[in-house]
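>>> coords below, sequence missing:
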């Protein structure tokens, strides 16, 4: 199976993520949440935004933010190719950060040598 390389505008992706996060935050009680200025597109293979020093007791509200960020980022004009059906939001909580976004792949290929 061959795959075709495509490009994506990181500026547009970042703007969409931040706009979606701001809109989602307006609907929560996470008024003091601080969004990191960048976006993450790296290990742990989540595309999304970072919150530093979050209140993890507010997990459900961060889940709502992740859902809205995911809905914004999976739009066809932001992604070079269609995403698999059923893609859903993901949260990654680690060492004083929460990443809200989605996993672009369901599995990572494993190579054994």
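Yes, it's here. If you're wondering where the values come from, they're calculated on a predicted model, not measured in any experiment.
>>> so after the strand or helix carrying residue 67, what's the next helix or strand?
Using DSSP states H and E, residue 67 maps to helix 59-73. Downstream of helix 59-73, the first helix or strand assigned by DSSP H and E is strand 89-94.
>>> what bits of the chain have low per-residue confidence?
1-7, 42-44, 76, 78-86, 105-113 (pLDDT under 70).
>>> what comes up buried for the helix with the most length in it?
When the chain is parsed with DSSP state H, its longest helix is helix 10-26. For helix 10-26, the buried set under the neighbour-count rule, 16 or more other C-beta atoms under 10 Å, comprises 13, 16, 17, 18, 20, 21, 24, 25. For every residue, glycine as well, the C-beta is placed using N, CA and C.
>>> list the buried residues of the helix holding residue 67.
Buried-residue list, helix 59-73, by 16+ other C-beta under 10 Å: 61, 62, 64, 65, 66, 67, 68, 69, 70, 72, 73.
>>> which of these sits closest to residue 100?
The nearest member of these to residue 100, counting by C-beta to C-beta, is residue 66 at 3.7 Å.
>>> touching, that closest one and residue 92? I think so.
No. Contact criterion C-beta atoms under 8 Å: residue 66 and residue 92 do not qualify, at 9.5 Å.
>>> list the helices and strands the longest helix of the chain packs on?
strand 46-52, helix 59-73 (3 or more C-beta pairs under 8 Å, 6 or more residues apart in numbering; DSSP states H and E).
>>> which residues are contacting that helix?
31, 33, 35, 38-39, 41, 47-49, 64-65, 67-69, 71-73, 75, 78, 100-101 (C-beta atoms under 8 Å, 6 or more residues apart in numbering).
>>> again, only using 7 Å
Here helix 10-26 makes contact (C-beta atoms under 7 Å, 6 or more residues apart in numbering) with 33, 35, 39, 48, 49, 64, 65, 68, 69, 72, 73, 78.
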